[in-house]
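Asker: Model the structure of this input:
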Amino acid sequence: MNKLFCGYEPARLFEYFYEISQIPHGSGNEKGVADYLVSFAEKQGLEWYRDEYHNVAIYRPASAGMEDREPVLLQAHTDMVCEKIAGVEHDFLKDGLKLNVRDGWLSAEGTTLGGDDGAGVCLILALLADKDLRAPALECLFTVQEETGLGGASLFDYSRLTARRVINLDSEEEGVATASCAGSYNLSFTLDPEWIGNENKCMKISVSGLAGGHSGGDIHLGRMNALLLLGRILSELYEKYPFNLVSFEGGSKRNAIPREAEAVISVFERDAALEEVKRITARVRQVLVKEDRKLKVRASKAARADRVMTFKDTSKLLSLLSLVPNGVLSMSASKPGLVESSSNLGVARMTDGRIDLSVYARSSVETETDYIEVRMRRLAKVTGFGYVFCDRSPGWAFDPSSKLQKDYCAAFRAVFPDGPEPRVEAIHAGLECGIILEKMGGGDAISIGPDMKDIHTPSERLDLHSVERTYVLLKALLSV
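Answerer: Next comes the predicted model:
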């Protein structure tokens, strides 16, 4: 047993988490974890299935006396968001995570933890290995590429499953059963700008220190988007000191609010432009939320570039950054406080002279999803950008007649009679339940999980005592 987890039960659950944390498993790189899951199943003497995408299903027969109960599908995703603090040396394709425990919270040194959804994966493994577990037949599905568009859940062959009761383990608040979520899709803006020779001096402007966060769960908190903040600084600067853009990059994941961004520009009055950036930054600081007050904007001299974008194409990019729909777009009319629609400009890259901007949009209302796409297409037309729309996934509608919701609340009250009242809620973040239920032709589902904070950021942390309690709750729920 790893000494980090001494005293936490069941010990095997936390040992599984440690072992998986040493296997690189960012989105698109889940083969190693799939190997681990297959090895686990074989050691436990359980049947398994693995597809070409590295989705894995593991099957556990019903306990004695539970054979007549309806089977249950337990589901989690094996990929994690790979984010790290600038300057931290970590290769997410090769290196295991360096774990820390402080005051009962698990985190990783300088990187994301992968508690989303490593906690769900390991809860399922511990249940499968529990010889005393009293439960109906379990079909356990471990999907890939959830963090980059729910790809694994979309591609799995659901004829391999018979269960129509689904417990997803990809939530981050103990005591809450999620019973509805938004649908989502990816879209990209592209531009092949015209490049010309450069005669002016260059400067670099970088933005860092922002809180970032999850583009679903944190989108309503007013946190600054580093790409849009840099776009604002550049747009205001351009009005006074026109410049040619050399480069513009930032962000790392479509569904993570960008924390860092950087641009290089060529400007005739460089010293004056440097001072103007300071003045613009001072104005921006006045509108920051508390979590973003560690903002750093650095403007410095840069080496002269041989080529730059034309004024026309520089202006096109600044227009798109100024006008792109971002953040909360609409609130639910039927459930107060619930975000209905949003979008997040998550990544900007320049490759072989081409600019690519990636956006992740969400809505719980399909007609609003359609209209967001129309707005994005119109923006592409008026700014001269190319446009690609893909990976649309359905939302998950609330079912007031759900038996799983009732069973969850009953199990929670029985296990924690002195605890808070369990809640059933809808969320704006995306979950795989919508895809799974659609592919299966319907069913009953909830999503639960232990307490986690700051997922998708290097500040991500997982409450280990909450993991323990969630395991006890799951055992009780499966025995109903």
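Asker: got the residue ranges for the helices in the stretch 101-250 of the chain?
Answerer: Using DSSP state H, counting those that start in this stretch, the helices found in the stretch 101-250 of the chain span residues 115-129, 151-155, 226-240.
Asker: With distance to residue 417 as added columns, please give the ones you listed in JSON lines.
Answerer: Every C-beta, even on glycine, is put in place using the N, C-alpha and C of the backbone. What follows is the helices of the stretch 101-250 of the chain, written out as JSON lines (distance: least, CB to CB, whole Å):
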{"stretch": "helix 115-129", "distance to residue 417": "22"}
{"stretch": "helix 151-155", "distance to residue 417": "36"}
{"stretch": "helix 226-240", "distance to residue 417": "46"}
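Asker: Those helices into JSON lines, with extra columns for distance to residue 422, mean pLDDT and mean neighbour count?
Answerer: Below are those laid out as JSON lines (distance: least, CB to CB, whole Å; pLDDT from 0 to 100; neighbours: other CB atoms under 10 Å):
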{"stretch": "helix 115-129", "distance to residue 422": "18", "mean pLDDT": "98", "mean neighbour count": "25"}
{"stretch": "helix 151-155", "distance to residue 422": "26", "mean pLDDT": "92", "mean neighbour count": "21"}
{"stretch": "helix 226-240", "distance to residue 422": "37", "mean pLDDT": "98", "mean neighbour count": "21"}
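Asker: Remind me what the longest helix along the chain packs against, helices and strands.
Answerer: Secondary structure of the chain read by DSSP state H shows that its longest helix is helix 366-383. Judged by 3 or more CB pairs under 8 Å, 6 or more residues apart in numbering; DSSP states H and E, the packing partners of helix 366-383 are strand 183-191, helix 311-323, strand 327-331, strand 339-351, strand 354-363, strand 386-393.
Asker: pretty sure residue 34 contacts residue 78?
Answerer: Yes: if you go by CB atoms under 8 Å, residue 34 and residue 78 touch, sitting 7.0 Å apart.
Asker: re earlier: what's the closest of the helices of the stretch 101-250 of the chain to residue 175?
Answerer: helix 115-129 (15.1 Å; CB to CB).
Asker: Distance from the chain centre to the closest one, please.
Answerer: Centroid separation between helix 115-129 and its chain, computed with CA atoms, centre = their mean, to the nearest Å, is 18 Å.
Asker: Leaving aside the residues adjacent along the chain, what's closest to residue 319?
Answerer: With sequence-adjacent residues excluded and distances taken as CB to CB, 6 or more residues apart in numbering, residue 319 is closest to residue 383, at 5.1 Å.
Asker: for residue 17, same thing?
Answerer: Leaving aside its chain neighbours, residue 17 sits nearest to residue 122 (4.6 Å; criterion: CB to CB, 6+ apart).
Asker: do you know how far the one you found is from residue 271?
Answerer: Residue 122 is 56 Å from residue 271, where distance means CB to CB, to the nearest Å.
Asker: Show me the domain layout of the protein.
Answerer: 3-181+396-478, 195-346 (automatic domain parsing).
Asker: mind checking which of these is nearest residue 369?
Answerer: Nearest to residue 369 among the domains of the chain is domain 195-346 (7.5 Å), distances taken as CB to CB.
Asker: Quote the end-to-end distance of the closest one.
Answerer: 25 Å (CA to CA, to the nearest Å).
Asker: and if you look at stretch 14-29?
Answerer: This stretch, stretch 14-29, spans 22 Å end to end (CA to CA).
Asker: try stretch 187-197
Answerer: Using CA to CA, the end-to-end distance of stretch 187-197 comes to 32 Å.
Asker: Same list, the helices and strands packed on helix 366-383, but as JSON lines with mean neighbour count and mean pLDDT please.
Answerer: Shown next, in JSON lines, are those (neighbours: other CB atoms under 10 Å; pLDDT from 0 to 100):
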{"stretch": "strand 183-191", "mean neighbour count": "21", "mean pLDDT": "93"}
{"stretch": "helix 311-323", "mean neighbour count": "18", "mean pLDDT": "98"}
{"stretch": "strand 327-331", "mean neighbour count": "17", "mean pLDDT": "95"}
{"stretch": "strand 339-351", "mean neighbour count": "21", "mean pLDDT": "96"}
{"stretch": "strand 354-363", "mean neighbour count": "22", "mean pLDDT": "96"}
{"stretch": "strand 386-393", "mean neighbour count": "15", "mean pLDDT": "89"}
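Asker: For residue 95, which of these is the nearest?
Answerer: That would be, of those and by CB to CB, strand 339-351, which comes in at 22.2 Å.
Asker: so how far is the closest one from its chain's centroid?
Answerer: Using CA atoms, centre = their mean, the distance between the centre of strand 339-351 and that of its chain works out at 12 Å.
Asker: elements contacting that strand?
Answerer: So strand 339-351, by 3+ CB pairs under 8 Å, 6+ apart, packs with helix 226-240, strand 243-250, strand 256-257, strand 327-331, strand 354-363, helix 366-383.
Asker: angle of that strand against strand 327-331?
Answerer: Computed by axes from the mean of the first three to the mean of the last three CA atoms, to 10 degrees, the angle separating strand 339-351 from strand 327-331 equals 160 degrees.
Asker: Surely residue 468 is in contact with residue 9?
Answerer: Yes: using CB under 8 Å, residue 468 makes contact with residue 9 at a distance of 6.0 Å.
Asker: Give me the secondary structure label for the nearest residue to residue 2 once chain neighbours are set aside.
Answerer: Nearest non-adjacent residue to residue 2, counting by CB to CB, 6+ apart: residue 18, 4.6 Å away. Recorded secondary structure, residue 18: helix (DSSP: H, G, I helix; E, B strand; the rest coil).
Asker: ok now do residue 18, which residues does it touch?
Answerer: Neighbouring residues of residue 18 by CB atoms under 8 Å, 6 or more residues apart in numbering: 2, 4-5, 99.
Asker: can you check residue 65 too?
Answerer: residue 134.
Asker: Got phi/psi on it?
Answerer: For residue 65, the backbone dihedrals (degrees, to the nearest 10) come out as phi 90, psi -10.
Asker: tell me the SS of residue 467?
Answerer: helix.
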